Each structure stands twice: as structure tokens, then as C-alpha cells.
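K.L.:
Need the 3D shape of this:
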Amino acid sequence: QVQLVESGGGLVQAGDSLRLSCAVSGRTLSSYATAWFRQAPGKEREFVAAIRWNTGMPYYADSVKGRFLLSRDNAKNTYYLQMNSLKPEDTAVYYCAARFGGFTYYYTPNEYQYWGSGTQVTVSS
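P.N.:
Numbers count the residues shown, from 1 in each chain. Down below sits the predicted model:
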């Protein structure tokens with residue numbers, strides 16, 4: 001059983017930075033594609049960023065490209081979302097997610113099998 005635990009959320013001002021972490025237990029991270037999603041009140045859960053397990057290459061939603069950086073440390077079974085130049089519209093609950101294998105890009109929540117419980121990020125203006 002794969003378990004994911006997020007940490008690092010909080011309340012910041014516009015322009016500030018935060019780093020979210022997702023610790024994975026139960027399986028070796030290297031065989032899993034990993035991602036971050038977010039969900040604001042009254043909105044659907046949306047894709048933020050992901051890493052393909054086979055290439056280690058990250059890809060991003062247009063709304064965060066150039067501001068957010070996704071990385072992973074397979075030795076620590078942990079992956080990270082560095083969020084810079086935060087905006088009030090980035091306010092949401094952020095979820096980490098994982099799926100076993102796959103050889104393409106995955107952008108929708110139902111393509112991921114495992115989820116964390118979420119961490120709140122609030123950006124004030």
C-alpha cells in the first residue's frame with residue numbers, strides 16, 4: 001500500500017515562496033509518476049505539475065510554469081514543489097498524487113491511484 005503525506009503549506013503574502021514536500025512510503029518512488037494537484041473552494045481539482053517516472057522530466061500547468069519547480073529525491077522517497085512568486089489565485093489545498101508506471105503525460109486526477117490528504121496554501125494580497 002502506497003501512502004503519501006504532504007507538508008509545508010501555510011499562509012504567505014503575494015510574492016513569497018513556499019516549498020511543499022510529499023513523503024511516500026510503502027513503495028519505491030522511482031517506479032511511480034508523481035504529481036501535485038490543487039483545489040480551491042468551489043472549484044474542481046486541477047493539475048499543477050508532475051514528473052514522469054521513466055525520464056524524471058517535470059511538466060507543468062501553464063498557470064504555474066516559470067514560477068513552480070517540481071523535483072524528487074528517490075533516495076529519500078520524497079518529492080517537492082517549490083513555489084515562487086506566489087499569487088492570491090494560487091490559494092488552494094494542494095494534494096500530492098502518484099501512479100505506478102506509465103509512458104505518457106498524465107493531467108487528470110483519475111489517472112493517479114494514490115493521494116495524500118492535502119495541505120492548505122493561502123496567499124494574501
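K.L.:
Just list whatever residues bridge to the residue minimising distance to the centre of the chain.
P.N.:
Nearest residue to the geometric centre of the chain (CA atoms, centre = their mean): Trp36, 2.0 Å. On the basis of DSSP bridges, Trp36 is bridged to Ala49, Cys96.
K.L.:
Would you check that it makes contact with Glu46?
P.N.:
No: if you go by CB atoms under 8 Å, Trp36 and Glu46 don't touch, sitting 10.1 Å apart. For every residue, glycine as well, the C-beta is placed using N, CA and C.
K.L.:
For the closest residue to Phe103 other than its chain neighbours, give me the pLDDT.
P.N.:
Leaving aside its sequence neighbours, Phe103 sits nearest to Asn54 (CB to CB, 6 or more residues apart in numbering; 6.4 Å). Per-residue pLDDT puts Asn54 at 80.
K.L.:
would you say Asn54 is within a strand?
P.N.:
No: looking at Asn54 with DSSP: H, G, I helix; E, B strand; the rest coil, it is coil, so not inside a strand.
K.L.:
just checking, it touches Phe100?
P.N.:
No: under the criterion of CB under 8 Å, Asn54 lies out of contact with Phe100, with a separation of 11.7 Å.
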